[in-house]
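> here are the coordinates; sequence isn't available:
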Ligand SMILES: Nc1ncnc2c1ncn2[C@@H]1O[C@H](COP(=O)(O)OP(=O)(O)OP(=O)(O)O)[C@@H](O)[C@H]1O
Ligand SMILES: [Mg+2]
């Protein structure tokens, strides 16, 4: 068992991969909480596709792919903001138009290259082999920036997520904070891409956060839990990937999904089974006052 | 009663959305130490006017002033209480945390809210009879309780003007009475209070000053003076209430 656990660690590329996925799990898990609370999953999915041309261009020109993707993400998020300023075009329409167009541009650029299929494959499904030392540093730096800014602007990000009118009346510039959030989200997505691939990156944002939502009513705890669940899913997924030869993205996302499924069924208070049992007990013995909702106000 | 100069005013104010005007040539003056009721049907521009007066929307034409100076954006002395439908009530946040966010403007981002801030929030919640639910989630509250929490959050600021968007809608009688009592206390301390409502009787009973609007100002003055059959018909598009019964409640 110990051997089974330690074996992958003797390879430098696996050490890099483990460190990277822990960072990615924590970062994506944290920002994912705000993605699900604000209903921005579609935006997350779109951004992960829209960075494609940035990846391809840096790949062609040589240079760090993560930085190329980051630049693309920032340009796209600003464009989405600009296009949805139009009164006639809804936000999700702007996102749809720009992400599909951008992804198509990436595919076209990439098809001009040799080695097209292999690279496309790793972009779509992730590849744990290629995490270099500089990628790790970059991921760490992004982590510090994203988590730091979430911490610094915690009140603003909270308020713009649930009471935008009051936020504006309190002098917050909603456009600026929305843009800041988009950039943080884009950064989190870009560093996740290499590990889980573009098709599955959404799961790193959404699944751990959704699991955390089932477990707690406190925003702070939700962020911590979501980060932990993201990191643990990443860790378990990487082992599965290493031993079973499953692509890392698929293994990680499946792990996160299983954790979500178990939580959904068995979570205390909110789990499907618990709710069901409580309902039956209450139906059969309504005279028992089941005080099982500690967070609920006493009426 | 002492007469105060206007605290909030707007002159020849016009607001357009998508080339359609929501407000046309509006002139109003709002004084400290008075409760002003803003009355009009759905879509009359009540929320729009409150947003202009709180500096959230800049008018397409005309201007708004606060204490004589042009209002260029949200102002620390103007507190706004949103319409309940503006809020995502499913958001995971407790009543106390929500109340504390009323201090977002005045507290440093580098430190957590202090103990005295929390005590102030508990006091504000106590004021609105919600301290026993301080640790409940906002989505566990009834409509009236939500409105009380909004008021508590507004009470965290020592503002000079308090603007409330439909605070009485969907709220039971005890909560209405509590709101009226608290607004009365604020008014006595010189705060200018403006609220939007559909409820003529409520306005007749509790407001010193009523403004009837429907895209433009139809009438403006003491409720007993502006609530005439003619004005109400112009505002609401038909005789919908018995004027006699309103006269009875108006002073
Ligand atoms: N953000 C917006 N974009 C476009 N049109 C808007 C916007 N907000 C309000 N309007 C329009 O402006 C007009 C006035 O709206 P407003 O919300 O001020 O009315 P209201 O009197 O508050 O109505 P209600 O009683 O329904 O709250 C309406 O016709 C509305 O459709
Ligand atoms: Mg309104």
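Yep, it's here. Owing to the predicted nature of the structure, the values given are computational and were not obtained by experimental measurement. Ligands and ions are numbered 1, 2, ... in the order given.
> per-residue pLDDT, the spatially most central residue of chain A?
For chain A, the residue whose C-alpha lies nearest the mean C-alpha position (Cα atoms, centre = their mean) is residue A:205; its distance is 2.0 Å. We have a pLDDT of 95 for residue A:205.
> how about the nearest residue to it, chain neighbours excluded?
Distances taken as Cβ to Cβ, 6 or more residues apart in numbering or on different chains place residue A:32 nearest to residue A:205, at 3.7 Å, with adjacent residues excluded. For the C-beta atoms, the positions are set from N, CA and C on the backbone; glycine is no exception.
> what's the answer for residue A:21, then?
Setting aside the residues directly before and after it, residue A:21 is nearest to residue A:234 in space (Cβ to Cβ, 6+ apart), at 3.5 Å.
> could you check how far the one you found is from residue A:196?
Computed as Cβ to Cβ, to the nearest Å, the residue A:234 to residue A:196 distance reads 8 Å.
> identify the contacts common to these two.
A:24, A:252 (Cβ atoms under 8 Å, 6 or more residues apart in numbering or on different chains).
> tell me which residue of the stretch 151-299 of chain A lies closest to ligand 1.
Closest to ligand 1 within the stretch 151-299 of chain A is residue A:165: 10.7 Å, counting by Cβ to the nearest ligand atom.
> who's sitting farthest from the centroid in chain B?
In chain B, the greatest distance from the average C-alpha position (Cα atoms, centre = their mean) is reached by residue B:110, at 31.3 Å.
> quick one: buried residues of the helix or strand harbouring the residue nearest to residue A:21?
In this structure, residue A:234 is located in helix A:219-244 according to DSSP states H and E. For helix A:219-244, burial by neighbour count (16 or more other Cβ atoms under 10 Å in any protein chain shown) applies to A:219, A:222-242.
> what about the stretch 1-150 of chain A, any weak spots by pLDDT?
Residue ranges of the stretch 1-150 of chain A with pLDDT under 70: A:115-119.
> what residues does it have near chain B?
For the stretch 1-150 of chain A, the residues in contact with chain B under the definition Cβ under 8 Å from any Cβ of the partner chain are A:37, A:87.
> quick one, helices of the stretch 1-150 of chain A?
Using DSSP state H, counting those that start in this stretch, the helices found in the stretch 1-150 of chain A span residues A:2-6, A:12-37, A:41-50, A:52-61, A:65-83, A:91-111, A:116-125, A:133-152.
> any chance of the ones you listed in CSV, plus distance to ligand 1 and mean neighbour count?
Listed next are the helices of the stretch 1-150 of chain A as CSV, based on distance: least, Cβ to the nearest ligand atom, whole Å; neighbours: other Cβ atoms under 10 Å in any protein chain shown:
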stretch, distance to ligand 1, mean neighbour count
helix A:2-6, 56, 8
helix A:12-37, 22, 23
helix A:41-50, 21, 24
helix A:52-61, 34, 20
helix A:65-83, 17, 20
helix A:91-111, 13, 17
helix A:116-125, 39, 16
helix A:133-152, 29, 16
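> show me what counts as buried in whichever helix in chain B runs longest.
Scanning chain B for the longest helix, with DSSP state H as the assignment, gives helix B:173-188. Of all the residues in helix B:173-188, those buried under the rule 16+ other Cβ under 10 Å are B:175, B:176, B:178, B:179, B:180, B:182, B:183, B:186, B:187.
> measure the closest residue to the fourth one other than its chain neighbours to residue B:210 for me?
Put plainly, it is residue B:179. In space, residue B:179 comes closest to residue B:167 once its chain neighbours are excluded; the distance is 5.7 Å by Cβ to Cβ, 6+ apart. In this structure, residue B:167 and residue B:210 are 16 Å apart, going by Cβ to Cβ.
> what's the answer for residue B:129, then?
Shown here: residue B:129 relative to residue B:210, a distance of 28 Å by Cβ to Cβ.
> which of those two has more neighbours?
More neighbours sit around residue B:210 than around the other of residue B:129 and residue B:210, counting by other Cβ atoms under 10 Å in any protein chain shown; the figures are 25 against 15.
> contacts only, for the more buried one.
For residue B:210, the residues meeting the contact criterion (Cβ under 8 Å, 6+ apart) are B:36, B:37, B:39, B:203, B:204, B:219, B:220, B:221, B:222, B:223, B:226, B:227.
> what helix or strand is the fifth one on?
Secondary-structure element containing residue B:204, defined by DSSP H and E: helix B:200-206.
> pLDDT on that helix, on average?
Along helix B:200-206, the predicted local confidence has a mean pLDDT of 89.
> buried sites along it?
When burial is assessed from 16+ other Cβ under 10 Å, helix B:200-206 yields the following buried residues: B:200, B:202, B:203, B:204, B:205, B:206.
> out of those residues, which is nearest to residue A:13?
Among the buried residues of helix B:200-206, residue B:202 lies closest to residue A:13 (Cβ to Cβ), at 70.6 Å.
> gap between that closest one and residue B:20?
Distance of residue B:202 to residue B:20, computed by Cβ to Cβ: 29 Å.
> same check, this time on residue A:69
Taking Cβ to Cβ as the measure, residue A:69 falls 42 Å from residue B:20.
> within reach of chain A, which of the buried residues of helix B:200-206 are there?
When Cβ under 8 Å from any Cβ is applied, no member of these is adjacent to chain A.
> for the stretch 151-251 of chain B, list the residues in contact with chain A, please.
Selection of the stretch 151-251 of chain B residues close to chain A by Cβ under 8 Å from any Cβ yields residue B:153.
> in the stretch 151-251 of chain B, what residue is nearest chain A?
Across the stretch 151-251 of chain B, no residue is closer to chain A than residue B:153, which sits at 7.5 Å (Cβ to the nearest Cβ).
> so for the closest residue to that residue other than its chain neighbours, what's the pLDDT?
The shortest distance from residue B:153 to any residue that is not its chain neighbour, by Cβ to Cβ, 6+ apart, is 3.8 Å, and that residue is residue B:102. Residue B:102 is assigned a predicted lDDT (pLDDT) of 94.
> wait, residue B:102 sits on residue B:149?
No. Using Cβ atoms under 8 Å, residue B:102 is not in contact with residue B:149; the gap is 9.9 Å.
> in space, what's closest to residue 125 - neighbours in sequence excluded?
You didn't say which chain, so I picked chain A. Leaving aside its sequence neighbours, residue A:125 sits nearest to residue A:197 (Cβ to Cβ, 6+ apart; 4.0 Å).
> switch to chain B, please.
Using Cβ to Cβ, 6+ apart and skipping residues adjacent in sequence, the residue nearest residue B:125 is residue B:131, 4.4 Å away.
> quick check on that neighbour: phi, psi?
In terms of degrees, to the nearest 10, the main-chain angles of residue B:131 are phi -60, psi -30.
> also residue B:21?
Dihedral angles of residue B:21 (phi, psi; degrees, to the nearest 10) stand at phi -90, psi 140.
> pretty sure the residue nearest to residue A:125 contacts residue A:120?
No. In this structure residue A:197 lies outside contact range of residue A:120 using Cβ under 8 Å: 10.3 Å.
> what pairs with the residue most central in space within chain B across the strands?
Geometric centre of chain B, nearest residue: residue B:164, 1.6 Å, by Cα atoms, centre = their mean. The residues paired with residue B:164 through beta bridges, assigned by DSSP bridges, are residue B:81, residue B:195.
> how near is it to residue B:47?
Distance check for residue B:164 against residue B:47: by Cβ to Cβ, it reads 11 Å.
> and if you look at residue A:273?
45 Å.
> the two: who's more crowded?
In terms of neighbours (other Cβ under 10 Å), residue B:47 is the more surrounded of residue A:273 and residue B:47; the figures are 19 against 11.
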